[in-house]
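In: Build me a model from this:
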Amino acid sequence: MRRWRTEVLVRVALAATLALLVGAVCAVRAEAPQPAPRSLSPAGLERVSDYLQAQVSGGKIPGAILLIQQHGKPVLHAKFGERNARTHAPMTDDTIFRIYSMSKPVTSVAAMLLVDDGRLALDDPIAKYIPAFANVKVGVEQPDGKLTLTPLARPVTVRDLLRHTSGITYGFYGDSLVRKLYALAGLFDGDPDNAQFVDRLARLPLAEQPATLWDYGHSTDVLGRVIEVASGQSLYQFEKERLLDPLGMRDTAFFVADEAKRSLIAEPLPDDWFDRPVAGIREATAPRRWESGGAGMVGTIRDYARFAQMLLNGGEIDGRRYLKRETVALMASDQIGEGSGIKRDPEFYFPSSDSGFGLGFAVRTVAKPPLPAGEYRWDGVGGTFFFIDPADDLFVICMMQSPSQRGRIQTELKQLVYEAMGR
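Out: Modelled structure (predicted):
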């Protein structure tokens with residue numbers, strides 16, 4: 001009996017000692033100094049401003065608004081040129097932009113609100129919400145140039161929609177047989193609502209098996225319909241109630257409904273190649289039933305700044321939590337990297353070779369000085385773009401309607417921002 005008590009006491013003592021050691025190690029790790037956020041030099045910020053002013057003066061773009069915000073406060077907030085070269089209306093903070101694919105992060109966050117609610121799961125088959133996808137097939141091109149249809153190796157999931165691994169593509173780039181089917185399918189004919197649009201998509205074959213290739217397409221539009229079914233509301237109603245109104249994003253919607261605000265819409269230069277509708281997205285003032293979660297929103301820089309700051313804060317702002325901190329961390333981490341089995345087509349992998357893709361954002365996985373790893377981002381075909389840098393407690397938003405210049409300006413401006421960084 002005495003021996004048994006001694007053994008018990010020894011075990012208890014050992015366990016207590018181990019707990020203390022683990023606690024001490026965790027405390028040391030928690031107290032380990034983290035690199036301090038870098039600051040932006042006044043001279044560097046002046047070079048950033050001079051760059052955008054030169055784009056306007058040189059006739060490359062009609063105008064732009066830039067916001068660089070660090071530690072919750074603007075360090076550079078500047079307006080350049082005009083929002084409309086025909087009317088010569090100046091660029092102002094209430095200017096409304098077509099944000100196109102910058103809608104995707106908004107829709108992705110809306111979906112993750114439902115995940116946090118427990119009403120949606122990342123590994124749910126989308127056929128649970130959209131039964132038409134239960135019978136979808138994969139189109140496989142044969143050596144003789146014909147297309148054969150094969151069954152799914154596994155169902156398309158909500159996770160696939162968020163990370164663009166669903167096999168659902170676009171029909172306006174590339175020349176594969178499946179993409180040609182998308183282009184000829186009349187997806188945008190008439191005035192479909194989200195349910196009708198997605199049913200049209202479900203009649204088409206997938207471009208590849210789910211979870212095999214990052215393929216940029218209508219995944220986020222389908223995600224918008226999943227949100228509708230899971231929430232019992234239209235996509236806009238759900239986003240307005242749970243995200244847009246609480247954040248104060250009062251000018252973010254799927255079209256500009258208020259006639260008094262239509263003069264605030266930014267326009268590209270008259271000779272810009274994008275001065276026309278693309279991919280079924282009509283004029284910003286046209287009421288429509290289709291609420292494209294992938295490319296249909298309009299909004300202002302001050303609206304998107306609220307959204308970006310909420311993400312940078314780890315899912316909360318002004319004392320209100322929107323997403324769990326771990327949910328934001330998951331969204332901003334690479335989901336298609338080594339071990340995922342997901343390939344990248346060099347011709348159509350838009351995040352860039354040094355970046356992976358999370359749940360709604362491109363994520364830089366390899367530092368490319370001066371650009372850091374860990375920054376996450378996306379952009380819109382009309383010229384708008386943003387990136388969030390958690391390590392430096394920083395986000396940058398540039399709003400312009402200059403589609404033919406967007407790639408060049410995004411690359412050059414980001415380089416200038418990080419060159420302005422110092423320790």
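
In: Would you mind confirming that A127 is in contact with L152?
Out: No. Using Cβ atoms under 8 Å, A127 is not in contact with L152; the gap is 9.7 Å. C-beta here means a position set from N, CA and C on the backbone, and glycine is covered the same way.

In: Low-confidence ranges, the protein, go.
Out: 1-34, 274-282, 422-423 (pLDDT under 70).

In: repeat that with 50
Out: Confidence mapping of the chain against pLDDT under 50 gives the ranges 1-31, 275-277, 423.

In: Quick one: distance of the longest strand seen in it to the chain centre.
Out: Secondary structure of the chain per DSSP state E: the longest strand is strand 73-84. Centroid separation between strand 73-84 and its chain, computed with Cα atoms, centre = their mean, to the nearest Å, is 22 Å.

In: That one: what's the following helix or strand?
Out: strand 89-90 (DSSP states H and E).

In: elements contacting that following strand?
Out: Counting contacts by 3 or more Cβ pairs under 8 Å, 6 or more residues apart in numbering; DSSP states H and E, strand 89-90 is packed against strand 73-84.

In: The strand it packs on pairs with which strands, and in what direction?
Out: Within its sheet, strand 73-84 is paired with strand 63-70 (antiparallel), strand 89-90 (antiparallel), according to DSSP bridges.

In: closest one to I317 among those strands?
Out: With Cβ to Cβ as the criterion, I317 lies closest to strand 63-70 of these, at 12.1 Å.

In: Please list the outside residues in contact with the closest one.
Out: 37, 39-40, 45, 48-49, 52, 55-56, 74-83, 90-91, 93, 95, 266, 301, 305, 308-309, 392-400, 402, 413, 417 (Cβ atoms under 8 Å, 6 or more residues apart in numbering).

In: Please narrow those to those residing in helices.
Out: Mapping the contacts of strand 63-70 onto helices (DSSP state H) picks out 45, 48-49, 52, 55-56, 301, 305, 308-309, 413, 417.

In: For those residues, give me a markdown table that also has distance to R320 and neighbour count.
Out: As requested, the ones in helices among the contacts of strand 63-70 are arranged in a markdown table below (distance: Cβ to Cβ, whole Å; neighbours: other Cβ atoms under 10 Å):
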| residue | distance to R320 | neighbour count |
| --- | --- | --- |
| L45 | 31 | 18 |
| V48 | 32 | 23 |
| S49 | 33 | 14 |
| L52 | 33 | 25 |
| Q55 | 37 | 23 |
| V56 | 37 | 18 |
| I301 | 21 | 27 |
| A305 | 16 | 21 |
| A308 | 16 | 22 |
| Q309 | 12 | 17 |
| L413 | 32 | 18 |
| V417 | 29 | 26 |
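
In: can you pull out the helices in the chain?
Out: In the chain, the segments counted as helices under DSSP H are 2-31, 42-57, 103-117, 158-163, 177-184, 194-202, 219-231, 235-239, 245-247, 301-312, 325-331, 406-419.

In: Adding distance to F348, write the ones you listed out as a markdown table.
Out: Conversion of those to a markdown table gives the following (distance: least, Cβ to Cβ, whole Å):
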| stretch | distance to F348 |
| --- | --- |
| helix 2-31 | 41 |
| helix 42-57 | 27 |
| helix 103-117 | 16 |
| helix 158-163 | 15 |
| helix 177-184 | 10 |
| helix 194-202 | 19 |
| helix 219-231 | 14 |
| helix 235-239 | 26 |
| helix 245-247 | 33 |
| helix 301-312 | 26 |
| helix 325-331 | 23 |
| helix 406-419 | 14 |
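
In: List just the one of those that sits closest to A134.
Out: Of all the helices of the chain, it is helix 194-202 that lies closest to A134, at 8.9 Å by Cβ to Cβ.

In: tell me which residues in the closest one are buried?
Out: 194, 197-202 (16 or more other Cβ atoms under 10 Å).

In: Nearest to V136 among the residues you listed?
Out: Looking across those and measuring by Cβ to Cβ, the closest to V136 is A202, at 5.8 Å.

In: How much space separates the residue most central in space within the chain from Q53?
Out: Residue closest to the mean C-alpha point of the chain, counted by Cα atoms, centre = their mean, is P105 at 3.0 Å. As judged by Cβ to Cβ, to the nearest Å, P105 and Q53 stand 28 Å apart.

In: So L152 versus Y129, what's the distance?
Out: 16 Å.

In: My guess is S292 contacts F254. True?
Out: Yes. Counting by Cβ under 8 Å, S292 does reach F254; the two are 7.2 Å apart.

In: residues contacting the nearest residue to the residue nearest to the centre of the chain once chain neighbours are set aside?
Out: Distances taken as Cβ to Cβ, 6 or more residues apart in numbering place G360 nearest to P105, at 4.9 Å, with adjacent residues excluded. Neighbour list for G360: 104-105, 107-109, 112, 162, 220, 331, 378 [criterion: Cβ under 8 Å, 6+ apart].

In: so how many other residues sit close to N135?
Out: 11 (other Cβ atoms under 10 Å).

In: Contact partners for it?
Out: So N135 contacts nothing (Cβ under 8 Å, 6+ apart).

In: Give me the phi and psi for the residue lying closest to P62 once chain neighbours are set aside.
Out: In space, and not counting its chain neighbours, P62 is closest to A85: 4.4 Å by Cβ to Cβ, 6+ apart. Torsion angles at A85 (phi, psi; degrees, to the nearest 10) stand at phi -70, psi -20.

In: isn't A85 right up against D271?
Out: No. Applying Cβ under 8 Å as the test, A85 and D271 come out as separate, 9.8 Å apart.
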